[in-house]
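Chemist: when you get a sec, could you give me coordinates for this:
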Amino acid sequence: MSGKRLSALFVGVLVLAACRGGDGAAPQEGAGGIKVDFGVTKEACPQAVDKAKGCIYLGTISDLTEGPFKTLAVPITDAQKAFWKRVNDRGGIGGYEIDVTTYVKDNKYNPQIHNQVYQEIKGKVLALTQTLGSPTTVAILKDLENTQMVSVPASWTSLWGFEEVILESGTNYCVESMNTVDYAVEKMGVKSVMAVHLAGDYGDDAAAGAKIAAEKRGLSFENVTTQSGQDNQGGAIDAVVSKKPDLVILTTGPTDAAVIVGQAAARGYKGKFIGTSPTWNPGLLKSPAAPAIKALYMQSAPWKAWATESVGHTAMRAALPGVTPNDGYTAGWVWAYPLKAALEKAAANKDLTRAGLLTAVRQLTSVDYEGMLPSGAGNFSASAQDALFRQSLIYRPDDAAPTGVTLVEDFFTGPTAKDFKFEKPCYQ
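Modeler: Have a look, this model is predicted:
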């Protein structure tokens, strides 16, 4: 049993759920004597490489058409399709191939729609290879727990460190912002910080980390909540211009960021913005705000950008020929590694039921990210405090770079994150 996330009461609930196979399905014997229940068939996948193999169906719920993160979500989803195709081309897992194309749903970055489409597919998949968004995933979290649906979040909120069904990768928004503030103190000499952010498990989590670091470093701190949408940024812009903080930690969508940075600069703001990872999109360098972004903006990140030389980055680029580089692809690819590791472990344990997959997650002490994250990442068996990955990076805009950013500071852990006691989510 993992020490990572659960109270004794909830462990008891999971044990009872395991007895019923997760949401009521009776386990059956599948290929190679492996026990299966939901989302695993002896029949081949619809686009099988080897029709003699069975199929593991994974679900995707993402922001694919009209939400604020669609420019990230589409490449995230495409990268995960390419990731699992590579797995299938290499022989699959335990006598099965992986299907991530049959059950793909659009959440429009709306929690209600996210829950609706999840209900449509939950009985047909073993796990979710993507559930995009912090507030949207929170909307289905209790159901994920009750059905033992192991899920990969396309988000980094600190709550995931306490949820056993969630397979997060990289540092969370809270620690990322701690590191950003520490970086800005040490490299820029900032004395005042403002967090401008969307409400909820995305923006408030980052703002919480910024506040923790500001207090530890003796800085003044201002907290400003904004709404998504380019016409809704007036209040945030007024706050930045009037308060004139040395540093703004920006946690919004890319379009919102362009409006805030561009208009604040036009009104005379001369401090620095550092955006939390989902805030960036290379299209910002082609927007009217580009001059301001180049002058005032930097970007924090949980892992290295598209053009990095590592085994994983090289495999990703080879699997996605001809695409316009975007670090949405990088994120989608990185996020898939822990689920691959858990499926491999579950297959080795001869148990690809939902309960068996969750047991495999508890047994993961590390994940091979093929160099895309440092060694030590992907510990799902330890306590939240011990498993927390505390490193992040800093980039700056660069027109010549494939995804519009160039590395300024490699993986680092600031003093605030190093000393942080991760005993509960930064935002709840």
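
Chemist: please count neighbours and contacts with C-alpha atoms only from this point.
Modeler: Fine.

Chemist: which residues of the stretch 101-250 of the chain fall in strands?
Modeler: 104-106, 127-132, 151-154, 192-198, 220-226, 247-251 (DSSP state E, counting those that start in this stretch).

Chemist: tell me which of these sits nearest to residue 301.
Modeler: strand 247-251 (12.1 Å; CA to CA).

Chemist: show the contacting residues for the residue nearest the centre of the chain.
Modeler: Closest to where the C-alpha atoms of the chain average out (CA atoms, centre = their mean) is residue 155, at 3.0 Å. Contacts for residue 155 (CA atoms under 8 Å, 6 or more residues apart in numbering) come out as 132, 133, 134, 168, 202.

Chemist: repeat for residue 409
Modeler: Neighbours of residue 409 in contact, by CA under 8 Å, 6+ apart: 393, 394, 395.

Chemist: neighbour-wise, give me the winner out of those.
Modeler: Across the contacts of residue 409, neighbour numbers were computed from other CA atoms under 10 Å; residue 394 holds the maximum, 27 neighbours.

Chemist: list the buried ones in stretch 284-300?
Modeler: 284-285, 289-293, 295-300 (16 or more other CA atoms under 10 Å).

Chemist: got it, and stretch 201-220?
Modeler: Counting neighbours by 16+ other CA under 10 Å, stretch 201-220 gives 201-214, 219 as buried.

Chemist: right, and the pair among the residues you listed with maximum separation?
Modeler: Using CA to CA, the two most remote members of those are 201 and 219, lying 23.9 Å apart.

Chemist: per-residue pLDDT, the residue nearest to the centre of the chain?
Modeler: pLDDT recorded at residue 155 is 94.

Chemist: now swap in the one 3 residues further on and tell me
Modeler: The pLDDT attached to residue 158 in the predicted structure is 97.

Chemist: one more: residue 27?
Modeler: pLDDT at residue 27 comes out at 81.

Chemist: what's the answer for residue 229, then?
Modeler: Reading off the model, residue 229 has pLDDT 93.

Chemist: next, the closest residue to it other than its chain neighbours: secondary structure please.
Modeler: Distances taken as CA to CA, 6 or more residues apart in numbering place residue 256 nearest to residue 229, at 6.1 Å, with adjacent residues excluded. Following DSSP: H, G, I helix; E, B strand; the rest coil, the label given to residue 256 is helix.

Chemist: ok, residue 157 touching residue 176?
Modeler: No. Residue 157 is beyond contact range of residue 176, at 10.2 Å (criterion: CA atoms under 8 Å).

Chemist: overlap in contacts, those two.
Modeler: Common neighbours of residue 157 and residue 176 (CA under 8 Å, 6+ apart) are residue 206.

Chemist: quick one: which of the buried residues of stretch 284-300 is nearest residue 34?
Modeler: Top of the list for closeness to residue 34, among the buried residues of stretch 284-300 and by CA to CA, is residue 300 at 42.6 Å.

Chemist: quickly find the element holding that closest one.
Modeler: strand 297-301 (DSSP states H and E).

Chemist: mind exporting that strand as PDB, just the C-alpha atoms?
Modeler: C-alpha atoms of strand 297-301 as PDB (Å, rounded to 0.1, in the frame of the first residue of the first chain):
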ATOM      1  CA  TYR A 297       8.300  38.300 -20.100                       C
ATOM      2  CA  MET A 298      10.000  35.100 -19.100                       C
ATOM      3  CA  GLN A 299       8.500  31.600 -18.800                       C
ATOM      4  CA  SER A 300       8.900  28.900 -16.000                       C
ATOM      5  CA  ALA A 301       8.600  25.300 -17.000                       C
END
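
Chemist: quickly list the domain ranges of the protein.
Modeler: 8-171+307-387, 173-301+391-419 (automatic domain parsing).

Chemist: how about residues contacting the helix or strand just after the strand holding residue 300?
Modeler: Downstream of strand 297-301, the next assigned helix or strand under DSSP H and E is helix 311-319. Contact with helix 311-319 is made by 79, 82-83, 86, 306-308, 330, 333, 369-372, as judged by CA under 8 Å, 6+ apart.

Chemist: including neighbour count, could the residues you listed go into CSV?
Modeler: As requested, these are arranged in CSV below (neighbours: other CA atoms under 10 Å):
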residue, neighbour count
79, 26
82, 21
83, 24
86, 17
306, 21
307, 18
308, 15
330, 25
333, 26
369, 23
370, 16
371, 15
372, 23
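
Chemist: in space, what's closest to residue 40 - neighbours in sequence excluded?
Modeler: With CA to CA, 6+ apart, the residue lying closest to residue 40 is residue 56, at 4.5 Å.

Chemist: wasn't the one you found part of a strand?
Modeler: Yes. Secondary structure of residue 56 (three-state DSSP): part of a strand.

Chemist: surely it touches residue 36?
Modeler: No. With contact defined as CA under 8 Å, residue 56 does not reach residue 36; the gap is 9.7 Å.

Chemist: show me where pLDDT drops low in this protein?
Modeler: The chain contains residues with pLDDT under 70 at 1-25.

Chemist: 90 instead, please
Modeler: 1-33, 68, 71, 375-376, 428 (pLDDT under 90).

Chemist: and the next helix or strand past the biggest helix by length in it?
Modeler: Among all segments of the chain classified by DSSP state H, the helix with the greatest residue count is helix 327-348. As assigned by DSSP H and E, the chain's next helix or strand after helix 327-348 is strand 351-352.

Chemist: who does that next one touch, helix- and strand-wise?
Modeler: strand 35-36 (3 or more CA pairs under 8 Å, 6 or more residues apart in numbering; DSSP states H and E).

Chemist: within its sheet, name the partner strands of the strand it packs on and how each one runs.
Modeler: strand 28-29 (antiparallel), strand 351-352 (parallel) (DSSP bridges).
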